[in-house]
Every structure is written in C-alpha cells, then in structure tokens.
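Colleague: Pasting a predicted model and its sequence here:
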Amino acid sequence: MKIRVSVLGATGTVGQRFIQLLEGHPWFELAALVGSERSAGRTYAEATRWVLDAPMPSEVKGMTILPDDADLDTPLVFSALPSKTAGIIEQRLARAGHIVCSNASDHRMEPDVPLLIPEVNPEHLALIDVQRARRGWSGAIVTNPNCTATGPTMLLRPLHDRFGVTKLLLMSMQALSGAGYPGIPSYDAIDNVIPYIGGEEPKVETEPQKMLGVVRDGVIVPIACTISAHCNRVPVLEGHLECLSIGFAQRPELEEVVETLRSFRSLPQELNLPSAPAQPIIVRDEPDRPQPRRDREAGRGMSTTVGRIRPCSLLDYKLVCLSHNTIRGAAGGSLLNAELMYAQGLVKA
C-alpha cells in the first residue's frame, strides 16, 4: 500500500515540482494539496499558473486546495512553503505526528533537525529521536539544504573523506527559477547579472559545515572548513553553476581527485531508492562543460555534474559544478529524503 502524502505550498514553483515528481511514484500517493488563503477552496487547475514545461498531471487538476490550517490525514508532508511562513505550520504538523520534509530554511540550522542530503549524511537521521525527545512530539521535521549548497556539498563529501577539505572559495551563477515565480523583473534580469541574493551567502557558508559534520552524543559537530561564497543571479532558467576553489589538508594528485568524484556512490544507490541517480556525481572531460542548458537534466535532474578540474594557484584545485536547483536542490531533494526514511522504516502508513 502506498503512503499518502500532502504538499504544502502546492501552487508555487517548488510545489509544482513536487507534484510533477510524485506522479506515478512507486511508494507515495498524492492525497492532499495545501495552499494560501487566496487559493484555498479552489481547484488546483483554477488556482495555479503552471510554469513547468511538462503538462499539469491530470489527476491533480480537480483536487480542491486545502487551507494551511487544515487537519491532514497523511503521515508524510512535503513543504514548499516560503521561509518565515513555513516555521509555525511545519511545527504544528510535526507536533500532530506528521513527518515533514521541508524545503524551507526556517529549521535547517536548528541543532536537533537533520539537514539532509542522503548521499552525504544519512546518519544525521539519528537526530529525529533527539528532536522528538526534546520537543515532545511524535512527528519530525527533516530539511534539505539551500539549492546553492547542494551541489558543492555533494562533491565535498568524498573529497573530505579522503583528503580533508580545509578551505572553499565559491562563486555561484544562480538560475532565475531560484527566485520563484514571477521572480526577478525582466528589466533587471535580461542583459544583466545581479551580484546579490539576500541571505544566500550565509546559508552557503554554514550549511555544508553542518551536513559534513559528525553526530556525537546527539549533537552535530561541524567540520572545520572555512567557506567564502559570492552568490550571483544570472539570466538562466534552471540550473545553478558554481566555480569552486578547494584547499585540502593533504594535497592529492589531480587523477586522485577525478577518480574520487567519478567513483562516488552512497547509501541511496545501494538501496536503489526510486529518485536516486545511478551516478550522483558525473565528471565531464570536455573543456567547456558543465553547462546549464546541456547538463542540468543529468540523472533526471538529480546528479551533480562536474568539469574543468585543474590546479589552483590560490588553493589546491578548482572546478565547476552544476546542480538542478528546483529538482535536486528543492523538490527532488526532499523526495529523496522521504524515500530514505521510508526505506529505513521511519515513515509508515
């Protein structure tokens, strides 16, 4: 029997991704859609301006959108709510016994909330027991990281495990879809690069430290890695491209870096989770790849693509990575988190 699930913030861009990715899912069945006061009571087709290229799934068109204070009968809830709105609603649902897989930033850095990439830190799900004991609820909140932090953290996991990452300089070129819909006015976006995204750089500088840390006595000890980020919005629809310079405790050979990234597999691949890419990191050898338009759909949008791996005169090595921001960096990341919890018996009908 499939697990019944709800989507909060169902009419927005990330909510639409959740609905698209849940269509035909082998484990989960979409049972409820939750929206704002403006859309509650209307059918999904009436309330939603569908912005994805693939058509709106027919089974959701006639579903009535519930208000955000509705009592849900689904054990699993996917949250695409905006930050600051999400916090109270997600806590209410966790208190009522729901497992909430959140894409919002409200709870990411709380010490008892897993900030999860299943290939990177699946052991952090141990914090669920800590969270329940500390807060006295039977549900849980599990978050996925900022979309800009997702790709680099995936790469850092095998590199840190083998060589010890001590410093990271990051410069992002982030897609317009990361700002939601309607996002940035065309007058600002066309023929332009915006070298500021509010609140983005602090997230990118702190979230990887938590995800790459270790759980000791119910507490995450972050890695000792200094991260400096420059975040920019560029006129690309989907796919965050990022240039990284990485410093190591022990400088490896170039061939070792390439082999470490190319051979990386983790628990989602071992468990054959439905949304897990067979190859979480794809290394391209061409001098001009990755590129958002050509590489963002790799692994059905769930793989991180890497290229231009070369020595760096400032640190040790530099490279370019690409991650699909609304799939792996948002809805797809939350969905994979839920699949891992289901596979480990943490989500039940």
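Modeller: Right, received. Where do you want to start?
Colleague: in a strand, that's where Ile246 is, yeah?
Modeller: Yes: counting by DSSP: H, G, I helix; E, B strand; the rest coil, Ile246 is found in a strand.
Colleague: is it true that it touches Leu314?
Modeller: No: using C-beta atoms under 8 Å, Ile246 makes no contact with Leu314, being 10.2 Å away. All C-beta atoms are positioned from the backbone trio N, CA, C, and that covers glycine.
Colleague: From Val142, how far off is Ile99?
Modeller: Applying C-beta to C-beta, to the nearest Å, the value for Ile99 to Val142 is 7 Å.
Colleague: Please identify every residue contacting each of the two.
Modeller: Listed contacts common to Ile99 and Val142 are Met341; contacts here mean C-beta atoms under 8 Å, 6 or more residues apart in numbering.
Colleague: Could you count how many residues lie near Cys147?
Modeller: For Cys147, the number of neighbouring residues by other C-beta atoms under 10 Å comes to 27.
Colleague: Quick check: it vs Asp129, distance?
Modeller: Distance of Cys147 to Asp129, computed by C-beta to C-beta: 28 Å.
Colleague: How about Phe264?
Modeller: Separation of Phe264 from Asp129 (C-beta to C-beta): 28 Å.
Colleague: So these two - more neighbours on which side?
Modeller: Counted by other C-beta under 10 Å, Phe264 and Asp129 do not tie: Phe264 has more neighbours, with 21 against 13.
Colleague: Hmm, the more buried one is touching Ile281, no?
Modeller: Yes: using C-beta under 8 Å, Phe264 is in contact with Ile281, at 5.0 Å.
Colleague: Please enumerate the shared neighbours of those two.
Modeller: Jointly contacting Phe264 and Ile281 under the rule C-beta under 8 Å, 6+ apart are Pro158.
Colleague: What ranges does the chain have for its helices?
Modeller: With DSSP state H as the criterion, the chain has helices at 13-22, 44-47, 58-61, 86-95, 127-135, 147-163, 186-189, 200-211, 254-262, 267-271, 292-295, 332-343.
Colleague: how about the ones you listed, which one is nearest Ser323?
Modeller: For the helices of the chain, proximity to Ser323 was assessed by C-beta to C-beta; helix 147-163 is nearest, at 3.2 Å.
Colleague: Tell me how far the closest one lies from the chain's centre.
Modeller: Its chain's average C-alpha position is 13 Å from that of helix 147-163, according to C-alpha atoms, centre = their mean, to the nearest Å.
Colleague: quick one: buried residues of that helix?
Modeller: If you call a residue buried by 16 or more other C-beta atoms under 10 Å, then helix 147-163 has these buried ones: 147-160, 162-163.
Colleague: tell me the mean pLDDT for that helix?
Modeller: Throughout helix 147-163, pLDDT has a mean value of 98.
Colleague: That one versus helix 13-22: what angle between them?
Modeller: Helix 147-163 and helix 13-22 are oriented at 60 degrees to each other (axes from the mean of the first three to the mean of the last three C-alpha atoms, to 10 degrees).
Colleague: tell me which strands and helices helix 147-163 is in contact with?
Modeller: Under the contact definition 3 or more C-beta pairs under 8 Å, 6 or more residues apart in numbering; DSSP states H and E, helix 147-163 sits against strand 165-174, helix 200-211, strand 240-248, helix 254-262, strand 281-283, strand 304-311, strand 317-323.
Colleague: Turn these into JSON lines, including distance to Asp53 and mean neighbour count.
Modeller: Formatted as JSON lines, the helices and strands packed on helix 147-163 follow (distance: least, C-beta to C-beta, whole Å; neighbours: other C-beta atoms under 10 Å):
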{"stretch": "strand 165-174", "distance to Asp53": "20", "mean neighbour count": "21"}
{"stretch": "helix 200-211", "distance to Asp53": "26", "mean neighbour count": "22"}
{"stretch": "strand 240-248", "distance to Asp53": "18", "mean neighbour count": "22"}
{"stretch": "helix 254-262", "distance to Asp53": "30", "mean neighbour count": "16"}
{"stretch": "strand 281-283", "distance to Asp53": "22", "mean neighbour count": "23"}
{"stretch": "strand 304-311", "distance to Asp53": "20", "mean neighbour count": "20"}
{"stretch": "strand 317-323", "distance to Asp53": "19", "mean neighbour count": "23"}
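Colleague: Columns distance to His230 on top of these, output as TSV?
Modeller: What follows is those, written out as TSV (distance: least, C-beta to C-beta, whole Å):
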stretch	distance to His230
strand 165-174	5
helix 200-211	7
strand 240-248	9
helix 254-262	23
strand 281-283	23
strand 304-311	18
strand 317-323	14
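Colleague: ok, and the closest non-adjacent residue to Ala96?
Modeller: Take Ala96 and drop its neighbours on the chain: the residue closest to it by C-beta to C-beta, 6 or more residues apart in numbering is Gly139, 6.4 Å away.
Colleague: Quick one: neighbours of the one you found, just the number.
Modeller: Neighbour count of Gly139, defined by other C-beta under 10 Å: 22.
Colleague: again, but for Ala249
Modeller: A count of nearby residues for Ala249, using other C-beta under 10 Å, gives 13.
Colleague: Quick check: closest non-adjacent residue to it.
Modeller: If the residues on either side of it in the chain are set aside, Ala249 comes closest to Gly164, at 3.2 Å by C-beta to C-beta, 6+ apart.
Colleague: show me where the stretch 1-150 of the chain has strands.
Modeller: With DSSP state E, counting those that start in this stretch applied, the stretch 1-150 of the chain shows strands at 3-8, 28-34, 65-66, 76-79, 99-102, 140-143, listed in chain order.
Colleague: Right, I'll call it a day here.
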